[in-house]
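# my questions concern the predicted model and sequence given below.
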Amino acid sequence: MSDQQNPSVPAIELINVSRRFLSPDGKSFMTLQDFSMTVARGEFVALVGPTGCGKSTTLNLITGLGRPSSGEVRVMGQPVRGIDPRVGFVFQADALFPWRNVIDNVAAGPLFRGRPRAEAYEAAHDWIGRVGLAKFERHYPHQLSGGMRKRVALAQTFINGPEILLMDEPFSALDVQTRVVMHEELLQLWSISKASVVFVTHDLEEAIGLADKVYVLTARPATVKAIHAIDIPRPRVISEIRYEPHFIELSRTIWKDLREEVQMSSDDMKSAA
Ligand SMILES: Nc1ncnc2c1ncn2[C@@H]1O[C@H](COP(=O)(O)OP(=O)(O)OP(=O)(O)O)[C@@H](O)[C@H]1O
């Protein structure tokens, strides 16, 4: 059996990864340093850390958009060498085509991948139904609410059957109630898809509610400060678990780690200003 198919080979591995950038004045600085992370197949990992520490950079290395300065990044046991069709993304900004209606947006991925038109549209119709937008197939993005656009983005991503899903603050622009609805929607889709997820967020409650593991990153250069296993049973009802004593206890413990780094990062920014 090849590494690609072997379920005991992790979906994602970052092994002692460092990433160096040049600042606008030409100085070199480290964003990630000796950063190691393993995401098992079907695992949901959340990354939290102070602003600017290197969370999006980490996702870029997994996508193949960026390359590590040292260390290794592997997807399904193989070194990352470029954009991998098994990887799906959902970012903070919508990636919807404003000139296409909902069904054309959702069908775009399979069409691009060469699926026959009738098949692509049938799958799009199915996915739009699954995210609760059956009555909105002919609407254009500007005619939808922020939450509805996110549902389209989820359908647009899951229709391609990603084995790995990278999410960079996907729900941060939504109001609190819509976010909770989207969390439940995402968990539902994820439980069916069995994708391995890396979810970047500033919101600790969001991280705990969704993830199997929460990685706390240090202030820049980011390295792993702590890994917290979230032993809350699934399926989870996000709107309810956040009031449970164990959830509050986890929040308190993880925030203790995170707070120190947020403080350090804020002090660094002030001294650099
Ligand atoms: N291509 C690049 N060239 C130069 N510097 C970069 C580049 N990409 C990122 N950086 C810098 O690397 C650091 C980490 O950026 P990154 O976007 O990964 O942080 P983040 O943790 O995702 O931030 P936030 O929480 O604010 O979204 C920042 O100082 C950023 O300015």
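Alright, I've got the coordinates.
# when you work out contacts or count neighbours from here on, use the C-alpha atoms and nothing else.
OK.
# in which helix or strand would I find the residue sitting nearest the centre point of the chain?
For the chain, the residue nearest the mean C-alpha position is M167 (2.0 Å; C-alpha atoms, centre = their mean). For M167, the element it lies in under DSSP states H and E is strand 164-168.
# with D94 instead?
Using DSSP H and E, D94 sits in no helix or strand.
# cool, and V152?
Following DSSP H and E, one finds V152 within helix 146-158.
# with G66 instead?
Using DSSP H and E, G66 falls outside every helix and strand.
# quick check: pLDDT value at the closest residue to it other than its chain neighbours.
Spatial nearest neighbour of G66, chain neighbours left out: N60 (5.3 Å); criterion: C-alpha to C-alpha, 6 or more residues apart in numbering. What the model reports as pLDDT for N60 is 93.
# likewise R74?
96.
# swap in D3?
So, for D3, pLDDT stands at 67.
# now P24
On the pLDDT scale, P24 is placed at 89.
# give me the neighbour count for S36.
When neighbours are counted by other C-alpha atoms under 10 Å, S36 registers 17.
# use 529 as the first number from now on
Yep, numbering from 529; the last one is S564 now.
# hmm, the one helix or strand it maps to touching the ligand?
According to DSSP H and E, S564 maps onto strand 556-567. Yes. Strand 556-567 comes into contact with the ligand (C-alpha under 6 Å from any ligand atom), by way of T559.
# alongside the ligand, which residues does the protein contribute?
549-551, 559, 579-585.
# what subset of these is buried?
Buried by 16 or more other C-alpha atoms under 10 Å: 559, 581-585, out of those.
# columns secondary structure and pLDDT on top of these, output as JSON lines?
Output for these, formatted as JSON lines (DSSP: H, G, I helix; E, B strand; the rest coil; pLDDT from 0 to 100):
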{"residue": "T559", "secondary structure": "strand", "pLDDT": "93"}
{"residue": "C581", "secondary structure": "coil", "pLDDT": "91"}
{"residue": "G582", "secondary structure": "coil", "pLDDT": "93"}
{"residue": "K583", "secondary structure": "helix", "pLDDT": "94"}
{"residue": "S584", "secondary structure": "helix", "pLDDT": "93"}
{"residue": "T585", "secondary structure": "helix", "pLDDT": "94"}
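# and the residues you listed, which two are furthest apart?
T559 and S584 (10.4 Å; C-alpha to C-alpha).
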